[in-house]
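Asker: Structure for the following, please:
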Amino acid sequence: MNERAFPSFPEAMHRRQALGEIHARPYVLIQPERVILQFAFLREGDGDHALVSDLSRARGTAAPAEGASLHQMRWGAGTLRWERHTEFSTYLWEGPAAEEFGAPLHGHPFGSGFAPPGPLISAVRLEVRSDESALQAALKQFDLTSLCRSSVKDGQAEIATDFQQDGDGLTRMLLIDRGLTTAAVSALAQRLLDIETYRTLAMLGLPLAQSLSSEVRSIENSLADITQRMKAPARGDDDQLLGQISALAAELEASAALSLYRFGASRAYHEIVLERIRNLAETSMMGYETLGSFLERRLSPAMRTCKSVEERQENLSRKLSRATIQLRTWVDLELERQNGELLASMDRRAKMQLRLQQTVEGLSVAALSYYIVGLIGYLAKAGEHVDSTVDPVMVTGIAVPFVVLAVWTGVRAIRRGHSD
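Answerer: Just a heads-up that it's a prediction; the model follows:
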């Protein structure tokens, strides 16, 4: 029993997952005179796992574990391999090639009994040959208007394709092996499969960009109309303009949220395609276009269109934000002006109420003093009958200033109490 040379140290979280990821998807080892059929489907839920499980059980093979991203099984004279990716899953069958290039294949799993787990993205038929006669047969079948042909690996291999779909809807590719190792052939075949799959995924952003372009143009025109109306010196419809800009901003944000993932994914897939093309290290052949130059000429305009629409959305969002801030400022200033006028009006009314209150207080002092002096007069007249020396007129006259002063003092004290 071998002893460990080093102690068992505590491992960082996810260390095993990080180390295993580099070996998670090994190449399928390919020999010459073999053919690869690969179908890529968009993922919809966990339907692909259920499909692979059913296929495995039908072949007497253990189903993949929950959460597995790779599974393969024997299928006829070849091997069926399933891989799950973030957005899509691939089904690859590797088996013996037909006698002639492009001839019908038998024994593969993609017949009428195969239920696709989601919408089809790409379908590739890649033939690995060592016989030069297969190259001549392929060149006769490929479309010369889009035929790409190049030498790779210092002349040890040659690749050819027209990126066209045949009668079965498959993109046909040919890889001629002139002395590569099995590992090198397998890696080269995987790059070709990746190029076709990821270039299709990258192009999925183009239809969305084209559909959003007219929508963005409509919002741009509406914003231009609103900004022209904002230039008017006297405006009475700021609230209406603000509502229109808010509606445009909501519409733009909805479309931007819809396209955010798709445009980001298209950029990432495009980078993968470019990386795979660089790894091919193609050498051009006289009279033919390389795969890299062909795809660059087709993919770059599409990616620029996606980028253009995305940048227009971002610029338009900033313009809408600035217009919204400006209109809100104007609306706030107008509200402040109206509030100032309202406060001034309220101040005038308060002053008028104060004057009225002072007037009422004066009248109330006079009225109360009049009634109290009257009562004192009645008392003085009654006292005259008791004491003849009492002069009612004199008593009433002397009481007037004291009564007025007392009433005024009392009213003022009551008013101060209310103010407190």
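
Asker: so where's this structure shaky on pLDDT?
Answerer: For the chain, the stretches flagged by pLDDT under 70 are 1-7, 17-26, 233-237, 358, 360-363, 388, 390, 417-420.

Asker: sec struct for Asp295, please.
Answerer: Not quite, residue 295 is Leu, not Asp. Following DSSP: H, G, I helix; E, B strand; the rest coil, Leu295 is assigned to helix.

Asker: For it, which non-adjacent residue is closest in space?
Answerer: In this structure, Leu295 finds its nearest non-sequential neighbour in Arg199, 5.9 Å apart by Cβ to Cβ, 6 or more residues apart in numbering. Glycine gets a C-beta too; all of them are placed from N, C-alpha and C.

Asker: give me the number of residues near that neighbour?
Answerer: For Arg199, the tally of surrounding residues (other Cβ atoms under 10 Å) stands at 24.

Asker: Before we go further, Arg278 is sitting in a helix, right?
Answerer: Yes. With three-state DSSP as the criterion, Arg278 is located in a helix.

Asker: Provide a list of residues in contact with it.
Answerer: Contact analysis of Arg278 by Cβ atoms under 8 Å, 6 or more residues apart in numbering lists Gly292.

Asker: shift numbering so it begins at 57
Answerer: That works, and once the first residue is 57, the last one we named lands at Arg334.

Asker: How much space separates it from Pro357?
Answerer: Distance of Arg334 to Pro357, computed by Cβ to Cβ, to the nearest Å: 20 Å.

Asker: Please apply the same query to Tyr147.
Answerer: If you go by Cβ to Cβ, the gap between Tyr147 and Pro357 works out to 31 Å.

Asker: between these two, who's got more neighbours?
Answerer: Counted by other Cβ under 10 Å, Tyr147 and Pro357 do not tie: Tyr147 has more neighbours, with 23 against 11.

Asker: The residue lying closest to Ala153 once chain neighbours are set aside pairs with what?
Answerer: The shortest distance from Ala153 to any residue that is not its chain neighbour, by Cβ to Cβ, 6+ apart, is 4.2 Å, and that residue is Val91. Going by DSSP bridges, Val91 is paired in beta bridges with Gly151, Glu183.

Asker: Quick check: Val91 vs Val329, distance?
Answerer: From Val91 over to Val329 (counting by Cβ to Cβ), the distance is 23 Å.

Asker: neighbour count winner among these two?
Answerer: Counting neighbours by other Cβ under 10 Å for Val91 and for Val329 shows that Val329 has the greater number, 25 against 21.

Asker: Let me see the contact set for that one.
Answerer: In this structure, Val329 makes contact with 250-251, 254-255, 258, 351, 355, judged by Cβ under 8 Å, 6+ apart.

Asker: Relative to Met259, how far out is it?
Answerer: From Val329 across to Met259, the span is 10 Å (Cβ to Cβ).

Asker: list the residues that contact both of the two?
Answerer: Contact with both Val329 and Met259 is made by residues Leu355, according to Cβ under 8 Å, 6+ apart.

Asker: close enough to count as contact, Met286 and Ile381?
Answerer: No. At 12.0 Å, Met286 does not count as touching Ile381 under the criterion of Cβ atoms under 8 Å.

Asker: Using the record's assignment, carve the chain into domains.
Answerer: 72-240, 261-397, 409-475 (automatic domain parsing).

Asker: This completes my enquiry, with thanks.
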